[in-house]
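K.L.:
Let's see this in three dimensions:
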Amino acid sequence: MPRLYALVLSGGAGTRLWPLSRRATPKQFLDLVGGSTLLRDTVERVSELVPTERIFAVAPPEHRALIHEQLPELRADHFVVEPYPRGNAAAIGLAMAALYAFDPEAVVAVLPSDHVVEKRARFREVLIAATAGAERGHLVTLGITPTRADTGFGYIEAGERLDVAAPVEVLAVRRFIEKPKREAAERMVAAGGHFWNAGMFVWRVDRILAAYREHLPATARAIDALAEATGGPRYEAVLAEVWEETDRTTIDYGILEKARDVAVVPADIGWHDVGSWARLAEIVAQGRNWASGGHVAVDAEDNYVWAPGKLVALVGVEGLVVVDTPDALLVVPKERAEDVKAVVDRLRREERDELL
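P.N.:
You can find the predicted model right below:
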């Protein structure tokens, strides 16, 4: 598609997938569902619409070698280094500076690298529709069709259909809803017209930069300085000077919840957020016992085991996650899988860096 670029977001530590996801190899660089890593899969599903020379990635410096290893086709000047975390509004803005310098008329699809999308053909249709909306000046988000009243996601309430010719309808956004209580989530799912916010966006680079200037002026000043320095000898020095001045916030809260002309494309694309062991188990196990190697189950149901090369025996247990690595073993009920992050926090406080 002419003018469509892809920006792959590769930050984050994936602490809820410890002990497999570590500081040196976070979850996006792991093969968790079979076939390829989450990062590689993100690039492959967009590559039919976006050629390699129009794919960018933004990540911290410690991911440089991993990205080069897994995406050897990515141009070196298309890897944008986020010096240290400031929230994804700053990271995305940093990449927008590079994209604007590369092509000021670009339309950009912003794609996290830790998602699973099962319906690739439908994903491409949704992306084409989002691109059509972005070309009309809208800031477009992909809204995942909810399959349950999940309280772990933010929601998007859609309004009227916009006059955009596309294979999937493009709707105005009425409002964004933070992660709701159970009752509110159930009401929204029952009412229809509400979608999960998956953090996938499409917009014209000039349009999003205008929104930064309006809603996050400090970050906008940093972006402008970086866009002017891109490709020159002073870029690294300018980045070091302006990065601390960027707003520490998210793109949703900092811009999209306040901006005008925000649109949503309903995306029934078989989407999954690989945010915890329980969510990963939903994808691969689907309520059955599952093990990365062989397993024997006796009066055992709904267990997930990662223990490559081992036969695992499950006796009289239900709803467990077991993850075995050379230096750490995790055992947790699925309903407590989100709490794995607390283990990582404790190891960090105890300065046990060899386990992080």
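
K.L.:
Could you check how many residues crowd around residue 237?
P.N.:
11 (other C-beta atoms under 10 Å). All C-beta spots, glycine's among them, are computed from the backbone N, C-alpha and C.

K.L.:
Give the partner strands of the lengthiest strand in the chain in its sheet and their orientations.
P.N.:
Looking across the chain with DSSP state E, the single longest strand is strand 194-204. Strand 194-204 pairs in its sheet with strand 107-112 (antiparallel), strand 139-144 (antiparallel), strand 155-161 (antiparallel), by DSSP bridges.

K.L.:
Could you export that strand as CSV, CA atoms only?
P.N.:
As requested, C-alpha coordinates have been extracted for strand 194-204 and formatted as CSV (Å, rounded to 0.1, in the frame of the first residue of the first chain):
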residue,chain,number,x,y,z
HIS,A,194,-17.6,-1.5,22.8
PHE,A,195,-14.2,-2.9,22.0
TRP,A,196,-11.0,-3.8,23.8
ASN,A,197,-8.2,-1.3,23.4
ALA,A,198,-5.3,-3.4,22.1
GLY,A,199,-2.8,-0.5,21.6
MET,A,200,-2.7,-0.8,17.8
PHE,A,201,-3.0,2.5,15.9
VAL,A,202,-2.8,3.9,12.4
TRP,A,203,-2.4,7.6,11.6
ARG,A,204,-0.7,10.1,9.3
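
K.L.:
For it, buried residues please.
P.N.:
194, 195, 196, 197, 198, 199, 200, 201, 202, 203, 204 (16 or more other C-beta atoms under 10 Å).

K.L.:
repeat for stretch 205-218
P.N.:
205, 207, 208, 209, 211, 212, 215, 216.

K.L.:
okay but the first one is in contact with residue 109, surely?
P.N.:
Spelled out, it's residue 205. No - in terms of C-beta atoms under 8 Å, residue 205 does not count as a neighbour of residue 109; the distance is 11.3 Å.

K.L.:
follow-up on the earlier one: deepest of the strands paired with strand 194-204, which one?
P.N.:
Per residue and on average, the most neighbours among the strands paired with strand 194-204 fall to strand 139-144, with a mean of 28 (mean count of other C-beta atoms under 10 Å).

K.L.:
Contacts made by that one with the rest, please.
P.N.:
Outside strand 139-144, the residues that touch it by C-beta atoms under 8 Å, 6 or more residues apart in numbering are 126-127, 130, 133-134, 153, 156, 158, 170, 173, 195-198, 200-203, 207-208, 211, 255-256, 259, 261-269, 271.

K.L.:
Tell me where the model's unsure across the protein.
P.N.:
For the chain, the stretches flagged by pLDDT under 70 are 1-2, 287.
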